[in-house]
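[1] Got a predicted model here, sequence first, then my questions.
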Amino acid sequence: MMIGSRSRTSSALALAVAATLLTAAGCSSDKPSSPKQTSGPDPALASAVPQSFKAKGMLSFATDAGYPPNEYVDENQNIVGFDVDLGTAIAAKLGLKAKFTNVDFKNILLGVQGGNYDIGMSSFTDTKDRENQNFDMVTYFTAGTKLMVVKGNPGKLDPQGNSLCGKTVGVEKDTIQEDPDIPNRNKACTAAGLQPIKILAQTTQTQVNNSLQAGQSDAVLADSPVVDYYAKGKIFEAAGAMYDSAPYGIAVSKDNDVLAQSILGALKDLQADGTYHALTTKWGISAGEYTNVGINQAKS
């Protein structure tokens, strides 16, 4: 969720990962058809973009492209998904092109800090910790955590209560599901005299899902749009309701605070002209639409 989570790799491996991921989900590898785009550059917003970005004519985005439907590699080795479409539309509003690069999730913010990328857009939950690491987080979508199990939920597991105590739960590394979610759950398990949850933390969501399918874990905790995506297939289902909802944020270095304001302005334009809703509809995630967009709205 990753606080937001996602997969990452070289292009050849990323394609193989995506193919495995889509097959395991029991979903078609065809991406949704694009909605009619009605928005164009906003002259006022474009004129306010810092000169360094105007000179490049482009915004560079880092994403971990293994987290459908938000970001993943399709059968043509293209990085696609809701975040990609929205980021591209934001750049267009600013009179710029968008370039997305597939980056290991744990390295995205480091890359933005180091100036290798202008923006990190990879289902990042806006948190105080990230804001305090010198990032402005431009909020744009609401997601929470969901529990995913194999079809039929043989263990009768539920994210509420202590049914996960003593079980093995898969998560993607460096996500809020790994920490603080499961550590907090283990405090409750211990207080109830139950065995703690065993964490199976893996690098990619594909690995996490494959482990669940192979019986190496009992359940998976992941971002709600990701679980909803896989639950449409023949292998997995969602168990219980979403919890701990929070906004995703587009990560921009505080050193580029004017760029963050430009992105926010573009996002508001895209909501006003209907493009934002068209994109959430395209990717089947309209339930997570977030209208109170802003900068650094983390509660914790």
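    Structure received.

[2] Now do the strands in the stretch 201-300 of the chain.
    Here the stretch 201-300 of the chain has its strands, by DSSP state E, counting those that start in this stretch, at 219-223, 236-253.

[3] among those, which is nearest Tyr140?
    Shortest distance between Tyr140 and the strands of the stretch 201-300 of the chain, using Cβ to Cβ, is found for strand 236-253: 6.0 Å. All C-beta spots, glycine's among them, are computed from the backbone N, C-alpha and C.

[4] Would you confirm that Val149 contacts Gly240?
    No - under the criterion of Cβ atoms under 8 Å, Val149 makes no contact with Gly240, lying 9.5 Å away.

[5] what do these two both touch?
    Common neighbours of Val149 and Gly240, using Cβ atoms under 8 Å, 6 or more residues apart in numbering, are Leu157.

[6] Neighbour count for these two, which is higher?
    Val149 (23 against 15; other Cβ atoms under 10 Å).

[7] tell me the SS of that one?
    Here Val149 is recorded as strand under DSSP: H, G, I helix; E, B strand; the rest coil.

[8] can you tell me which residues contact it?
    Gly155, Leu157, Leu212, Asp218, Ala219, Val220, Phe236, Glu237, Ala239.

[9] now do Gly166
    Cys189, Leu194, Gln195, Pro196, Ile197, Lys198.

[10] switch the cut-off to 10 Å
    Residues in contact with Gly166 (Cβ atoms under 10 Å, 6 or more residues apart in numbering) are Cys189, Leu194, Gln195, Pro196, Ile197, Lys198, Asp218.

[11] so where do the helices sit in the stretch 1-150 of the chain?
    Secondary structure of the stretch 1-150 of the chain (DSSP state H, counting those that start in this stretch): helices at 11-25, 43-48, 51-56, 82-93, 105-113, 128-132.

[12] Point out the most buried one among those.
    Highest mean neighbour count among those (mean count of other Cβ atoms under 10 Å): helix 82-93, with a mean of 24.

[13] quick one, that helix and strand 236-253 angle?
    Interaxial angle, helix 82-93 versus strand 236-253 (axes from the mean of the first three to the mean of the last three Cα atoms, to 10 degrees): 30 degrees.

[14] Kindly export helix 82-93 (C-alpha atoms) in PDB.
    Only the C-alpha atoms of helix 82-93 are listed here, as PDB (Å, rounded to 0.1, in the frame of the first residue of the first chain):
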ATOM      1  CA  PHE A  82      -4.200   4.000 -12.800                       C
ATOM      2  CA  ASP A  83      -1.200   5.800 -11.400                       C
ATOM      3  CA  VAL A  84       0.400   5.800 -14.800                       C
ATOM      4  CA  ASP A  85      -2.700   7.200 -16.500                       C
ATOM      5  CA  LEU A  86      -3.200   9.800 -13.800                       C
ATOM      6  CA  GLY A  87       0.500  10.800 -13.700                       C
ATOM      7  CA  THR A  88       0.500  11.200 -17.500                       C
ATOM      8  CA  ALA A  89      -2.600  13.400 -17.300                       C
ATOM      9  CA  ILE A  90      -1.100  15.500 -14.600                       C
ATOM     10  CA  ALA A  91       2.000  16.100 -16.700                       C
ATOM     11  CA  ALA A  92      -0.100  17.000 -19.700                       C
ATOM     12  CA  LYS A  93      -2.000  19.600 -17.600                       C
END
